[in-house]
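Asks: Build me a model:
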Amino acid sequence: MLLVFVALLRSTTVWQGSSSLRDDPDAYAQLAISLANSGTYGFQVEADQVRPTAFRPPLYPWLLSWLVADGKVSVVGLATGNVLLSLLIAALAASVSNRLRLAWPIMAGVWVTMDPLLSRASQLMMTELLATFLGLLAWWLWLVLWPNLPTCSLDVKNKNYRSMPQWFALYALGLVLGLSILARPTAAVWFLLLAACMLLVGCQCWKRRILDSVTVSICVLICVVPWTLRNWSQLGVPIWATTHGGYTLLLANNPSLYQHFEKNGPDRNWNVERFNATWASRGIVDKELLLQDEYWLREPSDTTTTESAPSDRPTVQVHSLGELADDQLAYEIASQTIRDHRGTFLLSCLYRTGWFWALWPNGVGLVTATAFGGWYFFIFAYALMGVRKAVYERKWTQPGWVRSWLPGLLLLVSLSLVHSVYWSNMRMRSPLMPCVYMLALLQFSRRSSLKIGV
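Replies: Numbers count the residues shown, from 1 in each chain. Take a look at the predicted model:
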């Protein structure tokens with residue numbers, strides 16, 4: 001019944017927003033088409049020439065490349081893929097909730113299907129659904145791997161020795177975490193936190209815990225190293241993430257935005273016009289000028305292209321220094337801004353965290369804001385009550401309880417921390433929303449023990 005509900009609801013949602021599936025705001029379709037036609041991951045600069053790039057992580061464009069037909073990404077194929085990912089997300093959310101022994105686990109699947117952010121993501125060519133699916137799959141594998149505390153024994157005849165499904169889950173967990181990084185590099189922080197926690201939880205033997213952490217790390221490297229070597233070969237730099245990180249750091253830490261914070265507090269209506277005008281001039285002015293606040297705070301010329309709202313995507317500019325130089329310059333300017341305004345930087349981290357956990361999108365009408373705000377207000381309220389109940393009942397003292405929740409909670413923490421420094425909006429919290437819904441279910445749960453077995 002859950003899958004039927006998800007299929008009907010999400011198919012309707014995708015059909016209603018099918019026109020948005022043709023949009024390519026993050027250039028994923030361009031990369032997919034180039035990869036499908038030429039075999040090179042890059043942007044087409046001439047009819048027969050493709051420029052290699054590392055501007056976007058490779059996993060999502062690679063998947064889209066399988067949907068390319070007649071020189072474009074198939075809308076039908078993309079819509080079908082989004083519905084399929086929605087079905088997998090709902091099924092995994094219900095399964096993880098069941099393994100956590102939560103009341104009404106099916107509600108986790110229903111809620112993630114009704115989630116406004118994930119519903120909107122199903123109408124777009126973006127990575128939210130893929131990242132959410134990989135996050136839930138990693139959590140499910142974690143619970144298969146550690147349904148209880150195995151003894152430390154190298155004797156395979158011992159009944160407590162790790163079963164074959166658990167060995168499979170160990171290797172698969174590392175591969176899924178590696179794929180998560182290739183889908184969204186912010187998952188690297190999540191992986192590092194999980195790898196560190198694996199040294200503290202899991203097997204009773206410290207040697208086995210170290211082996212598990214190393215094994216997962218090697219599997220992650222199996223996924224990430226080929227991408228890094230490819231970038232080293234084609235771009236001359238061993239880039240493990242993307243060349244987009246500098247821009248997103250600068251977008252969140254520039255003199256223009258800091259001035260907005262100092263004058264208007266956490267208000268999200270930042271006029272990005274001045275930022276775009278200054279960044280567009282990066283190829284025709286001296287770098288020392290770009291490191292000065294005064295240059296960023298000057299009034300833009302009348303001929304400058306403007307935007308009505310800030311974006312985490314760089315506008316198409318003619319004055320570019322090149323992909324690698326742009327990324328390095330953006331990091332330098334952002335780092336200089338942070339050093340010159342340490343107090344504002346700390347305050348801006350709080351503001352960006354507020355943007356990350358906002359109840360409604362910026363710049364929408366009253367009806368949309370009320371619908372979003374009402375939904376998330378009650379969900380967040382129940383999640384907080386669920387946390388309060390867990391603390392009151394001292395669930396952290398129960399064997400395996402904290403261990404079982406680590407993937408979800410660490411994803412919540414890692415994304416919140418990353419986007420407190422880098423550019424932030426509520427869309428970027430989509431992958432952690434299943435954890436929020438499961439925390440809300442804690443409020444209704446009476447069962448406290450973990451489900452044993454795989």
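Asks: can we go C-alpha only for contacts and neighbour counts from here?
Replies: Noted.
Asks: Output the below-cut-off pLDDT ranges for the protein.
Replies: Where the chain drops to pLDDT under 70, the residues are 148-161, 300-321, 399, 446-454.
Asks: Count residues in the vicinity of Leu329, would you?
Replies: 19 (other Cα atoms under 10 Å).
Asks: For the nearest residue to Ala440 once chain neighbours are set aside, give its distance to Asp23.
Replies: Residue nearest to Ala440 in three dimensions, not counting chain neighbours: Ala383, with 3.7 Å by Cα to Cα, 6 or more residues apart in numbering. With distances taken as Cα to Cα, to the nearest Å, Ala383 is found 34 Å from Asp23.
Asks: What count of nearby residues applies to Ala169?
Replies: For Ala169, using other Cα under 10 Å, the count is 21.
Asks: pretty sure it is touching Pro147, no?
Replies: No: the criterion here is Cα atoms under 8 Å, and Ala169 misses it with Pro147 at 11.5 Å.
Asks: which of Ala383 and Asp23 has more neighbours?
Replies: Each of Ala383 and Asp23 has its neighbours counted (other Cα under 10 Å); Ala383 has more, 21 against 15.
Asks: Packing partners of the helix or strand hosting the more buried one?
Replies: When elements are assigned from DSSP states H and E, Ala383 belongs to helix 366-392. Other helices and strands packing on helix 366-392, by 3 or more Cα pairs under 8 Å, 6 or more residues apart in numbering; DSSP states H and E, are helix 433-442.
Asks: So what's the gap between the helix it packs on and the chain middle?
Replies: In this view, helix 433-442 has its centroid 17 Å away from the chain centroid, taken as Cα atoms, centre = their mean, to the nearest Å.
Asks: that older thread, tilt between the helix holding Ala383 and helix 433-442?
Replies: On the basis of axes from the mean of the first three to the mean of the last three Cα atoms, to 10 degrees, helix 366-392 is oriented at 60 degrees to helix 433-442.
Asks: Return the set of buried residues in helix 366-392.
Replies: Under the neighbour-count criterion of 16 or more other Cα atoms under 10 Å, helix 366-392 has 369, 372-373, 375-376, 379-380, 382-387, 389-390 buried.
Asks: could you give the angle of the helix or strand just after that helix to helix 433-442?
Replies: Sequence-wise, the next helix or strand downstream of helix 366-392 (DSSP H and E) is helix 401-421. With the same axes, to 10 degrees as the basis, helix 401-421 and helix 433-442 are set at 130 degrees to each other.
Asks: counting contacts, what elements does helix 401-421 pack onto?
Replies: Partner elements for helix 401-421 (3+ Cα pairs under 8 Å, 6+ apart): helix 128-145, helix 187-198, helix 342-356, helix 433-442.
Asks: Buried residues, the third one. List them.
Replies: Yep, that's helix 342-356 we're talking about. Across helix 342-356, burial judged by 16+ other Cα under 10 Å covers 344-345, 347-349, 351-356.
Asks: and Leu145, how far is that from Glu323?
Replies: Counting by Cα to Cα - Leu145 and Glu323 are separated by 41 Å.
Asks: For Thr242, what is the enclosing helix or strand?
Replies: Counting by DSSP H and E, no helix or strand carries Thr242.
Asks: isn't it right up against Leu59?
Replies: No: counting by Cα under 8 Å, no contact exists between Thr242 and Leu59, whose distance comes to 12.0 Å.
Asks: Can you pick out the residue with more neighbours from those two?
Replies: Neighbours per residue (other Cα under 10 Å) separate Thr242 from Leu59, with Thr242 holding more: 21 against 18.
Asks: Reformat the helices and strands packed on helix 401-421 as TSV; add distance to Tyr258.
Replies: Shown next, in TSV, are those (distance: least, Cα to Cα, whole Å):
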stretch	distance to Tyr258
helix 128-145	28
helix 187-198	26
helix 342-356	7
helix 433-442	29
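Asks: Not counting its neighbours along the chain, what's nearest Cys223?
Replies: Of all residues not flanking Cys223 in the chain, Gly178 sits nearest, at 5.2 Å (Cα to Cα, 6+ apart).
Asks: Count residues in the vicinity of that neighbour, would you?
Replies: Per other Cα under 10 Å, the neighbour tally for Gly178 reads 27.
Asks: That one contacts Leu221, doesn't it?
Replies: Yes: the criterion here is Cα under 8 Å, and Gly178 meets it with Leu221 at 6.9 Å.
Asks: what angle sits between the top helix by length along the chain and helix 187-198?
Replies: Taking DSSP state H as the criterion, the chain has its longest helix at helix 206-235. With the same axes, to 10 degrees applied, the angle from helix 206-235 to helix 187-198 works out at 160 degrees.
Asks: Pull out the buried residues from helix 206-235.
Replies: By 16+ other Cα under 10 Å, the buried positions in helix 206-235 come out as 208-210, 212-221, 223-225, 227-231, 235.
Asks: contacting residues for Leu200?
Replies: Shown in contact with Leu200 (Cα atoms under 8 Å, 6 or more residues apart in numbering): 206, 209.
Asks: For it, which three-state class applies?
Replies: What DSSP: H, G, I helix; E, B strand; the rest coil gives for Leu200 is coil.
Asks: Got the phi and psi for it?
Replies: When quoted as degrees, to the nearest 10, the phi and psi of Leu200 stand at phi -110, psi -20.
Asks: next one: Arg51
Replies: phi -90, psi 120.
Asks: And for Gln49?
Replies: Dihedral pair for Gln49: phi -130, psi 130, per degrees, to the nearest 10.
Asks: still on that earlier bit, please enumerate the shared neighbours of Ala169 and Pro147.
Replies: By Cα under 8 Å, 6+ apart, no residue touches both Ala169 and Pro147.
Asks: Now do the buried residues in stretch 432-445.
Replies: 432-443, 445.
Asks: show me where the stretch 1-150 of the chain has strands.
Replies: 42-46, 49-52, 68-69, 72-73 (DSSP state E, counting those that start in this stretch).
Asks: Tabulate those (a markdown table), appending distance to Ala187.
Replies: Formatted as a markdown table, the strands of the stretch 1-150 of the chain follow (distance: least, Cα to Cα, whole Å):
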| stretch | distance to Ala187 |
| --- | --- |
| strand 42-46 | 23 |
| strand 49-52 | 24 |
| strand 68-69 | 27 |
| strand 72-73 | 26 |
